[in-house]
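[1] Curious how this folds, go ahead:
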Amino acid sequence: MIKQIWKAENAKLHHSFLLYLHIVVLSLFPILLGVYYGSRKLAVTSATMMTTFYEVLAIASPIMISIVICLVFDREEKAGNFKNWLSEPFSKAKMIQGQLNYYWLWYVIEIIGISLIYYALLIGLYHIQNISFIKLVITSIAFAFCGLVQYELTQMIALKWGIGGSLILGFFGTVISLLGITSLLDIIWPIIPWAWQIRMITFWQTNISAGLTNLVALEYICPLVMTGVVVALGRICFDKWQGR
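    Next up, the predicted model:
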């Protein structure tokens, strides 16, 4: 079933704006940021290069995710008023979740791809030192995983309140992500999905003690558990949905 859903999405993606959106983001962002920091390598530390990289990704992710969800939602609504979701022989939850997983997988590939391009540019072209490849890969995978809940919540909002609700949530998530850099969310960030990604800059900051870094790593248990809960609730929500 998943294979059928993903095959259908592949065919749709080749004829949609989404493909070009992914390609543009994948290519332009790491190149522009890499060239900017590479040309200033004598004035900026490698730690700053990496923290800024993940900060920008974390701040942009909520609105980018909401745009993807809205484009898919709008496409399904125009294609027979969600007949692909409502008239399939298997459950709506499996259909919607399978489609959601497809675009989240694209997000995973995009985050890892952007990270690798950025790394290759800094190391290969500008010969920046002290950037751990393994640390970069692990951070990027964890970063992408933390985005799954945003996909789930944005999809649930779209089903309930449509495209407008999803876009509002995206802007709200961007604001929360910005606040996540500050001390305002120091205590409650583990229960706020839009703060999970930006808090990963802790692992790249050189002025953070090992004890605090270990504490932040331990606190990510809460996002891990919440992800499982939100995915389970999402399946229930998708299965009960009756259209608009």
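[2] Let me see the contact set for the residue nearest the centre of the chain.
    Nearest to the mean C-alpha position of the chain, counting by CA atoms, centre = their mean, stands G147 at 3.7 Å. Contact analysis of G147 by CB atoms under 8 Å, 6 or more residues apart in numbering lists S61, I65, W104, Y107, I111, Q197. C-beta coordinates here come from the backbone N, C-alpha and C atoms, glycine included.
[3] which is the next helix or strand following whatever helix or strand the second one lives in?
    In this assignment (DSSP states H and E), I65 forms part of helix 46-78. Toward the C-terminus, helix 46-78 is succeeded by helix 83-86 as the next helix or strand (DSSP H and E).
[4] For the helix or strand where L100 lies, buried residues please.
    Per DSSP H and E, L100 falls inside helix 92-120. Residues 92-104, 106-108, 110-115, 117-119 are the ones in helix 92-120 that count as buried (16 or more other CB atoms under 10 Å).
[5] cool, and stretch 53-60?
    F53, Y54, E55, L57, A58, I59.
[6] Model confidence for P223, exactly?
    Reading off the confidence values, P223 has pLDDT 98.
[7] Look at it and give its secondary structure.
    Three-state call for P223 (DSSP: H, G, I helix; E, B strand; the rest coil): helix.
[8] Spatially nearest residue to it (excluding sequence neighbours)?
    The shortest distance from P223 to any non-neighbouring residue, by CB to CB, 6 or more residues apart in numbering, is to W196 (4.8 Å).
[9] swap in D239?
    Using CB to CB, 6+ apart, the nearest residue to D239 is A93, at 3.8 Å.
[10] Let's see the lowest-mean-pLDDT helix or strand in the chain as CSV, backbone CA atoms only.
    The weakest-scoring helix or strand in the chain, judged by mean pLDDT, DSSP states H and E, is helix 2-13 (a mean of 81). Extracted in CSV, the C-alpha atoms of helix 2-13 (Å, rounded to 0.1, in the frame of the first residue of the first chain):
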residue,chain,number,x,y,z
ILE,A,2,2.8,2.4,1.0
LYS,A,3,4.5,1.6,-2.3
GLN,A,4,1.3,2.5,-4.3
ILE,A,5,0.9,5.8,-2.4
TRP,A,6,4.5,6.8,-2.9
LYS,A,7,4.5,5.8,-6.5
ALA,A,8,1.4,8.0,-7.1
GLU,A,9,3.0,10.9,-5.2
ASN,A,10,6.1,10.6,-7.3
ALA,A,11,4.1,11.0,-10.5
LYS,A,12,2.2,14.0,-9.1
LEU,A,13,5.4,15.6,-7.8
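[11] before we move on, the earlier item: distance of the residue nearest to the centre of the chain relative to E9?
    18 Å (CB to CB, to the nearest Å).
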